[in-house]
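**Q** Next one to model:
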Amino acid sequence: MDIEKESTTFDYSKRSQWLRAAVLGANDGLVSTASLMMGVGAVKHDVKAMILSGFAGMVAGACSMAIGEFVSVYSQYDIEVAQMERESVEIEKEKLPSPLQAAWASALAFCAGAIVPLLSAAFVKEYRVRIIAVVAAVTVALVVFGWLGAALGKAPAVRSSARVLFGGWLAMAVTFGLTKLIGLHGL
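**A** Numbering: from 1, shown residues only. Coordinates of the predicted model:
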């Protein structure tokens, strides 16, 4: 009974900061890597070009997310320390945010998302089947990420999953379409 009572009074908004970073990192890794691979795949049909572009996107994106998170959390850290000093409160290091922990978490979350399209394309030689495999795997992952974010935050799962799914599809379609258009007519 106590567990049930405790779960109804838990403040899920306290999870919002790390949850946002984890879901954003994984979703960003998934969508940006898949979109990059789809864009390259629109004009270059060989598997090596798609995998290399996806791998480069994963490394660059993970580094970018880590640096961005580090800078952001360090700014928050500085603000909290300055506020404690103004209030003459003892600075409790364990209660302060960790820029390094946030950077690593963000980079790992990005890589967790990015690995989905990479693995789905890695072993498929035939171009059309590879594109379908990437879209199918990314679709499943987008729905799961949307559901997971909603479940951890006790928010509506269908709405969250639909928002994540349609946003991911849009990013892949725009990247594929514009790259195909430029590749055929612009270069």
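
**Q** so where's the protein shaky on pLDDT?
**A** Where the chain drops to pLDDT under 70, the residues are 1-20, 187.

**Q** one more time with 80, if that's ok
**A** Where the chain drops to pLDDT under 80, the residues are 1-23, 152-153, 186-187.

**Q** So which residues of it form strands?
**A** Per DSSP state E, the chain carries no strands over any range.

**Q** Do a quick rundown of the helices in it.
**A** Using DSSP state H, the helices found in the chain span residues 2-9, 16-43, 47-86, 99-122, 127-153, 157-185.

**Q** now the ones you listed as JSON lines including mean neighbour count and distance to Lys93?
**A** (Glycine included, C-beta is placed from N, CA and C.) Formatted as JSON lines, these follow (neighbours: other CB atoms under 10 Å; distance: least, CB to CB, whole Å):
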{"stretch": "helix 2-9", "mean neighbour count": "8", "distance to Lys93": "28"}
{"stretch": "helix 16-43", "mean neighbour count": "22", "distance to Lys93": "18"}
{"stretch": "helix 47-86", "mean neighbour count": "16", "distance to Lys93": "9"}
{"stretch": "helix 99-122", "mean neighbour count": "21", "distance to Lys93": "12"}
{"stretch": "helix 127-153", "mean neighbour count": "18", "distance to Lys93": "27"}
{"stretch": "helix 157-185", "mean neighbour count": "16", "distance to Lys93": "35"}
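
**Q** Same list, those helices, but as JSON lines with distance to Glu92 please.
**A** As requested, these are exported to JSON lines (distance: least, CB to CB, whole Å):
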{"stretch": "helix 2-9", "distance to Glu92": "25"}
{"stretch": "helix 16-43", "distance to Glu92": "18"}
{"stretch": "helix 47-86", "distance to Glu92": "8"}
{"stretch": "helix 99-122", "distance to Glu92": "16"}
{"stretch": "helix 127-153", "distance to Glu92": "27"}
{"stretch": "helix 157-185", "distance to Glu92": "35"}
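
**Q** how close does the closest residue in space to Ala21 that isn't next to it in sequence get to Asp78?
**A** Closest residue to Ala21 in three dimensions, ignoring its sequence neighbours and counting by CB to CB, 6 or more residues apart in numbering: Ser106, at 5.7 Å. Taking CB to CB, to the nearest Å as the measure, Ser106 and Asp78 are separated by 19 Å.

**Q** now swap in Lys95 and tell me
**A** Computed as CB to CB, the Lys95 to Asp78 distance reads 15 Å.

**Q** Sweet, I'm off.
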